[in-house]
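Student: Below are the sequence and a predicted model; questions follow.
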Amino acid sequence: MLGMLFNDKECKELDYVLRKELDEMLFDLSDQRLDLEVRNAIASRYKTVFRMYARFAPQKELSKYARNSKLTQLKQ
């Protein structure tokens, strides 16, 4: 396990970067033109970034990015 110390400005920047990355991946996952393999790779990366974001995000913000895996499997 690794640990990192951030000041307030760095925490806000990390929060912003992770939210933008999650937004982009959600957009890509909704694009039906992408190959199934590509969407699966994005979904795997999404889980990792979401877990990073979940470590410090408020519950209200976190719920915006939660995905229902059963529904997403049905769409594929």
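Tutor: Cool, got the structure.
Student: Please tell me how far residue 33 sits from residue 27.
Tutor: Residue 33 sits 12 Å away from residue 27 when distances are taken as C-beta to C-beta, to the nearest Å. Every C-beta, even on glycine, is put in place using the N, C-alpha and C of the backbone.
Student: hey, what's in contact with both of these two?
Tutor: Common neighbours of residue 33 and residue 27, counting by C-beta atoms under 8 Å, 6 or more residues apart in numbering, are absent.
Student: So between the two, which is more surrounded?
Tutor: Higher neighbour count among residue 33 and residue 27: residue 27, with 10 against 5, using other C-beta atoms under 10 Å.
Student: dump the residue contacts of the more buried one.
Tutor: Under the criterion of C-beta under 8 Å, 6+ apart, residue 27 has no neighbours.
Student: and residue 2, helix, strand or coil?
Tutor: Secondary structure for residue 2, judged by DSSP: H, G, I helix; E, B strand; the rest coil, is coil.
Student: which one's the longest helix in this structure?
Tutor: For the chain, the helix with the greatest residue count under DSSP state H is helix 8-29.
Student: Which parts of that one count as buried, going by neighbours?
Tutor: Buried residues in helix 8-29, counted by 16 or more other C-beta atoms under 10 Å: 18-19, 21-22, 25, 29.
Student: Turn those into CSV, including distance to residue 5 and pLDDT.
Tutor: Listed next are the buried residues of helix 8-29 as CSV, based on distance: C-beta to C-beta, whole Å; pLDDT from 0 to 100:
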residue, distance to residue 5, pLDDT
18, 17, 96
19, 21, 96
21, 22, 97
22, 24, 96
25, 27, 96
29, 33, 93
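Student: Much appreciated, bye for now.
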